[in-house]
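> What shape does this take:
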Amino acid sequence: MSETTFANPRSDYGASKLEATEQLLSADTRGRISVTVLRLFNPVGRFSPATTLPGRAAREIDQALRTGADTITLGALDSWRDYIDVRDISSAVLAAAAPAAPSGLVLNVGRGEAVGCLHLVRSLASIAGYDGGIVETDVSSARSEHVDWQCADIGTIRQTLGWAAEYSIEDSLADLWSEIVRSTEFADG
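Below you'll find the model as predicted:
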C-alpha cells in the first residue's frame with residue numbers, strides 16, 4: 001500500500017483515522033500548522049497491549065506456561081500484516097519532527113514486508129519456549145476483518161526522510177516477550 005492508494009475504510013475506526021488525516025492536511029495546506037502524518041502499520045514490541053495480536057498472543061502463551069495448559073486459543077490467523085517495531089516508530093517520529101523535514105505529507109511507517117499472523121504467533125511461541133498447540137477460531141479482529149493482506153510501501157519515507165526500519169520481527173517479539181516475563185516476575189513478587 002502506498003500513501004496514494006485510494007482510502008476506502010470499512011470500519012468507524014478506519015473512517016475516523018481518514019477524517020483526521022484529511023483535516024490535518026487541509027490545515028497544513030491553509031498554512032495554519034505544519035503537518036506530517038505518519039501512517040503506522042502494526043506496532044509490536046514492549047508493552048504491546050492485549051488488544052493487538054502480538055500482545056494477546058504473548059499473554060496467552062504466558063498464561064499457558066504458568067498453568068501448564070497445552071493449547072492457547074486465538075482468533076483467525078490467516079491474514080498477513082506489516083509489523084513494525086515500536087523503536088522504529090520512535091525513530092520515524094524523530095525524523096519527521098526534524099526541523100528540515102518537509103510538511104504536508106502522509107508517510108507510511110512499516111517494515112515493507114508482510115508477515116503471516118500464524119508465523120508471528122509461532123515465532124513468539126518459539127521465543128517463549130512454548131511448544132503447545134495454537135487453536136484458531138474463525139473470529140477476526142473487528143478493526144481489520146476485511147483486510148487479508150497488508151504491507152506498507154516505504155519508498156516515500158525512505159526517500160524523503162532517509163528512514164528505514166532497523167529491527168527484525170524476531171527482535172520485536174523477543175523484546176515483547178522479555179517485557180511479559182519482567183511484568184510476570186514483578187506481579188509474582
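
> Tell me where the model's unsure across the protein.
Within the chain, the ranges that satisfy pLDDT under 70 run 139-146, 186-189.

> for it, what spans make up the helices?
Using DSSP state H, the helices of the chain run over 12-29, 53-67, 86-97, 117-128, 155-161, 169-188.

> and those as a markdown table, adding mean neighbour count and distance to N108?
To be clear about C-beta, it is placed using only N, CA and C from the backbone, and glycine gets the same treatment. Shown next, in a markdown table, are those (neighbours: other Cβ atoms under 10 Å; distance: least, Cβ to Cβ, whole Å):
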| stretch | mean neighbour count | distance to N108 |
| --- | --- | --- |
| helix 12-29 | 13 | 12 |
| helix 53-67 | 19 | 19 |
| helix 86-97 | 17 | 9 |
| helix 117-128 | 19 | 19 |
| helix 155-161 | 17 | 6 |
| helix 169-188 | 16 | 17 |
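
> Can I get the ones you listed in TSV including distance to V135?
Below are the helices of the chain laid out as TSV (distance: least, Cβ to Cβ, whole Å):
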stretch	distance to V135
helix 12-29	27
helix 53-67	10
helix 86-97	28
helix 117-128	11
helix 155-161	38
helix 169-188	20
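
> Of all those, which one comes closest to R46?
Smallest distance to R46 across the helices of the chain (Cβ to Cβ): 4.3 Å, for helix 169-188.

> I'd like to know how many residues surround E136.
Neighbour count of E136, defined by other Cβ atoms under 10 Å: 14.

> So which residue is dead centre in this protein?
The C-alpha lying nearest the average C-alpha coordinate of the chain belongs to N42 (Cα atoms, centre = their mean; 1.5 Å).

> That one touches D82, doesn't it?
Yes. Contact criterion Cβ atoms under 8 Å: N42 and D82 qualify, at 6.1 Å.

> List the residues that contact the nearest residue to E170 once chain neighbours are set aside.
Counting by Cβ to Cβ, 6 or more residues apart in numbering, E170 lies nearest to S123, which is 6.4 Å off, once chain neighbours are set aside. Neighbouring residues of S123 by Cβ atoms under 8 Å, 6 or more residues apart in numbering: I169, E170, L173.
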